[in-house]
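Chemist: Return atomic coordinates for the entry below.
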Amino acid sequence: MNEITTTNYIKQFRNAFTSGINSIVSAAQVYVQAIDENPDIKDKFRDEFADVIPSSAWSGFEAVGRKWMHPKLLMGGGGRYSSMIKRLPYSDQEQIFDGKRYDLLTLDGDNLKVDVRSITPEQAEQLFDRSHIRSKSEQKAWLESRKKQPEKVEAETMPYTINGGKVYFKRGTELTRPEMKRLLQEM
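Modeler: Prediction:
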């Protein structure tokens, strides 16, 4: 297959796919209009289309029809962060799918422009708050709070274990008076 043919197929697919997405948006809007007029109609829609639409998809159609969720999220758009993107306002979702690049603060204070669909999990944790994308000042505060968290200190392994009211010592164990006192308090 030559380059021109490949490009032509890709263009045809993109046009058909975009048309399909637009049709899904129209169908979702019809669904929302119908349930706004009669909330009981939800079951009729589910029954009528049970052979082609899983019941779990109807909440997505309503969210798309009400512009709570971008239609690309129905198809898994957003990748591994689609659940985080779904929680954002619709205007932010649109900007993400339009390719907007967001400021991401680095530890040394530099600014990166990132596409939220292609960042690392650590960067996503920094950039996303529950319902919005953090501003630079919020990111700075978030980074600072992460620095100040004390490192976890591993519990000291004792040279004995207590089980069922009995003490089991490891071979070659010596205990000082305070350690013996602690052992008795643990029992």
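Chemist: What separation is there between residue 182 and residue 94?
Modeler: Spatial separation of residue 182 from residue 94 under the definition CB to CB, to the nearest Å is 61 Å. For the C-beta atoms, the positions are set from N, CA and C on the backbone; glycine is no exception.
Chemist: tell me which element residue 112 is part of?
Modeler: When elements are defined using DSSP states H and E, residue 112 is found to belong to strand 111-114.
Chemist: per-residue confidence averaged over that strand?
Modeler: Per-residue pLDDT values across strand 111-114 average out to 94.
Chemist: In that strand, which residues are buried?
Modeler: When neighbours are counted by 16 or more other CB atoms under 10 Å, the buried residues of strand 111-114 are found to be residue 114.
Chemist: List the buried residues of the very next helix or strand once past it.
Modeler: Reading on from strand 111-114 to the C-terminus, the next helix or strand found by DSSP H and E is helix 121-127. Within helix 121-127, the residues scored as buried using 16+ other CB under 10 Å are 123, 124, 126, 127.
Chemist: circling back: just the CA coordinates for the strand holding residue 112, please, in CSV.
Modeler: These are the backbone C-alpha positions of strand 111-114, laid out as CSV (Å, rounded to 0.1, in the frame of the first residue of the first chain):
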residue,chain,number,x,y,z
ASN,A,111,7.8,25.3,34.5
LEU,A,112,6.9,22.5,32.1
LYS,A,113,4.1,22.7,29.6
VAL,A,114,2.4,19.3,29.6
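Chemist: For it, which strands pair with it and how are they oriented?
Modeler: Strand pairing for strand 111-114, using DSSP bridges, gives strand 102-105 (antiparallel).
Chemist: For the partner strand, buried residues please.
Modeler: Under 16+ other CB under 10 Å, the buried positions of strand 102-105 are 102, 104, 105.
Chemist: Which stretches in the chain count as strands?
Modeler: Using DSSP state E, the strands found in the chain span residues 102-105, 111-114, 160-163, 166-169.
Chemist: among the ones you listed, which gets the worst mean confidence?
Modeler: strand 160-163 (a mean of 77).
Chemist: I would like the residues contacting that one, please.
Modeler: Residues external to strand 160-163 that are found in contact with it (CB atoms under 8 Å, 6 or more residues apart in numbering): 167, 168, 169, 170, 173, 183, 186, 187.
Chemist: residues contacting the fifth one?
Modeler: In other words, residue 173. Contact analysis of residue 173 by CB under 8 Å, 6+ apart lists 159, 160.
Chemist: try 6 Å this time
Modeler: With contact set as CB atoms under 6 Å, 6 or more residues apart in numbering, residue 173 has these partners: residue 159.
Chemist: The longest helix along the chain packs against which elements?
Modeler: The residue-count maximum for a helix in the chain (DSSP state H) belongs to helix 3-37. For helix 3-37, the helices and strands in contact under the criterion 3 or more CB pairs under 6 Å, 6 or more residues apart in numbering; DSSP states H and E are helix 41-48, helix 58-65.
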